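Peer 1: 3D model of this:
(2 chains)
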Amino acid sequence: MDEREKIVQEVRARMFPEILPAIHDIEKNYPPRHLPAGARVTRIAPSPTGFLHVGGLYTALISERLAHQTGGIFYLRIEDTDKKREVPGASALIAASLAQYGIIIDEGQTPAGQEIGPYGPYTQSARAPIYAAYIKSLLERGLAYPCFCTHEETEAMRAQQELGRMRLGYYGRWAVCRTRSPDDVLEALKKNTPFAIRFRSPGDFNNKIAVVDLLRGTRELSENDQDIVLMKSDGLPTYHLAHVVDDHLMGTTHVIRGDEWLSSVTLHMQLFEMFSWIPPQYGHIAPIQKMDGGSKRKLSKRHDPEASVSFYDERGYPPAAVIEYLLNLANSNFEDWRRAQPDEDSRTFILTFEKLANPSGALFDFMKLNDISKDVVARFSAEEVYEQGVAWARRHNSGLAERMERNSEYTQKIFGIERGGTGKIRKDIAKWSDLKGELEYFFDDSFQESRAELLQILFDSEQDDIKKIIASFLDGYDEGDASHAWFEKIQEIAARYGYAKSAKEYKADPETYKGTVADVAKIFRVALTGRTQTPDLYSIMQVMGKERVLKRLSALA
RNA sequence: GGCCCGUUCGUCCAGUGGUUAGGACAUCAGGUUUUCAUCCUGGUAACGGGGGUUCGAUUCCCCCACGGGCUACCA
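Peer 2: Numbering: from 1, shown residues only, chains lettered A, B, ... in the order given. Now for the predicted structure:
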């Protein structure tokens, strides 16, 4: 047995003493996928450190559409190789969030907690023996070596490098463990000195290699010469090794990820080469940013509540609206597409790589989200508003949910006002949290304005007229009146008390009128709702029902 | 510090070696509607700076500035 074999054996005994699968057996379990030509296999690979990040949702959305548009596969892989940062329950939360936003997972962990798909396990911590088998292979081929440097030692090294204004990192003459004598290594191993396993990079920093990025095209980058850590002392791999192994085994064809990875693609290419694997195509997208003071910065999970998808849920933005907003960021021609087919499912929109190339990070624009959201909600039927609204309220506003469920028919009628049917669609709901306000005055227990308060709102109307106008209206009110008949009556009342029947009439001769029919309508509006701005008055009366209308109007008569 | 990536209205994006530099959101003005939300019409508003190359540069090249990222036994 030569020294290298001895080292491998010692490393094995300490870091992965269990029986390791043979590489050719592993490969047999992960056969090539049989997919139609041009089908893409993509994935979302979050680490379970908390809620899903809006940037994660963004890349997931892009990846999923890119896969499913081509008859391919989209899967969820949980990258939990950093046990220190893991948050219990986070992976289930992530799966649930993806489902909530309509991101369809073909393989991986479902919200229910099961795992589906033949290329698993889809959780990296469950794949430790697989990584170990590949690490062993690198060790045997001299492409990896144990490193005994402590954190303090690498820190000191970095300090020196900074002082000397050199490139930071573990490379060249700084890679001290790379050149340790086998005897030395064996001795350290036998003394149970903690160690990690590093890559023996064959790269030369002065060599430039061409790297093709799906979104940015071909770039010349320096070859990697960093002996990065492949496996940590706890026996779990780092991202670099784990994703290379998994993306190969799982047949990933396209990797869409944040551009913080851009500078490590040369390393990843090298790793693929060491295994003689074909690398996937990479596309690096810029992170979503926010305005902070005078400058932009990346949305931070720790400091920005809006970084979490749960934020949008709490605010009550319909998932469809968030998705449309994100689609708009991904491919700016989406909004033209939407205008051209207002009722089409956004899923039928074809995402392209070309249009994805917005290389500087987009600033999250709540105004635009609101605008898009209003349009999205405007497309919903009253039943859909009710269903989604109630589902939201159950989670975030139990009082509202209770009110809606107890009065589901009435509530749906309210949502039906200026919705559907003849063209004119109300666009004042941007998010489910707006529903509370829309509903309030329709219910007697939350319509609490006193007579004095209502009259106060009507301070600019002649108080005498108010009584007379209401009395006249009450006199002639017929719930069966159609909209135009109803309005004619109001116009007549207006004329009777010195108000113009229309704005035009008033403008033609402002001196002769106290105001317009709008001022008369305002009296009813305030008496019924306590507000000066509401949906169509006629519809409100129809929905409220005669009894309630009479009661509220009488209160001011 | 080193290495990468980037820079078009306030924001998100189009676009071109010669364009009135286009759209959307926001904003402003006007109009429609019984109020409001809509909807319609119109307006304000941009090629970071400096050098080249060129008859001509927002577009190609270089430098600078600015912004972002990486530089962990985190992903």
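Peer 1: what does the stretch 51-200 of chain A put close to RNA strand B?
Peer 2: Proximity of the stretch 51-200 of chain A to RNA strand B, by C-beta under 7 Å from any atom of the strand, involves residues A:79, A:81-82, A:84-85, A:147-151, A:154, A:158, A:161-162, A:165, A:167-170, A:194-196. Just so you know, the C-beta spots here come from the backbone N, C-alpha and C atoms, and that holds for glycine as well.
Peer 1: what do you get for the stretch 351-500 of chain A?
Peer 2: A:355, A:357-363, A:365, A:367-368, A:370-371, A:374, A:418, A:424-428, A:483, A:487.
Peer 1: then the stretch 201-350 of chain A?
Peer 2: A:216, A:219-222, A:228-229, A:232-234, A:236, A:238-239, A:259-264, A:286-287, A:289, A:295-298, A:328-329, A:332-333, A:335-336.
Peer 1: so which of the residues you listed are in helices?
Peer 2: A:239, A:328-329, A:335-336 (DSSP state H).
Peer 1: and these, which are buried?
Peer 2: A:239, A:328-329 (16 or more other C-beta atoms under 10 Å).
Peer 1: any low-confidence regions in the stretch 151-300 of chain A?
Peer 2: Residue ranges of the stretch 151-300 of chain A with pLDDT under 70: A:291-296.
Peer 1: can you pull out the strands in it?
Peer 2: A:196-199, A:208-213, A:217-222, A:229-231, A:254-258, A:281-285, A:289-292, A:295-298 (DSSP state E, counting those that start in this stretch).
Peer 1: just put the ones you listed in JSON lines and tack on distance to residue A:27 and mean neighbour count.
Peer 2: Output for the strands of the stretch 151-300 of chain A, formatted as JSON lines (distance: least, C-beta to C-beta, whole Å; neighbours: other C-beta atoms under 10 Å):
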{"stretch": "strand A:196-199", "distance to residue A:27": "21", "mean neighbour count": "24"}
{"stretch": "strand A:208-213", "distance to residue A:27": "26", "mean neighbour count": "14"}
{"stretch": "strand A:217-222", "distance to residue A:27": "30", "mean neighbour count": "12"}
{"stretch": "strand A:229-231", "distance to residue A:27": "19", "mean neighbour count": "25"}
{"stretch": "strand A:254-258", "distance to residue A:27": "20", "mean neighbour count": "22"}
{"stretch": "strand A:281-285", "distance to residue A:27": "21", "mean neighbour count": "21"}
{"stretch": "strand A:289-292", "distance to residue A:27": "41", "mean neighbour count": "15"}
{"stretch": "strand A:295-298", "distance to residue A:27": "38", "mean neighbour count": "13"}
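Peer 1: and which of the ones in helices among the residues of the stretch 201-350 of chain A next to RNA strand B is nearest residue A:311?
Peer 2: Closest approach to residue A:311 among these (C-beta to C-beta): residue A:329, at 16.6 Å.
Peer 1: that closest one reaches residue A:362, doesn't it?
Peer 2: Yes: counting by C-beta atoms under 8 Å, residue A:362 is a contact partner of residue A:329 at 4.9 Å.
Peer 1: which neighbours do those two share?
Peer 2: Taking C-beta atoms under 8 Å, 6 or more residues apart in numbering as the criterion, residue A:329 and residue A:362 both touch residue A:288.
Peer 1: tell me which helix or strand residue A:412 sits in.
Peer 2: helix A:408-416 (DSSP states H and E).
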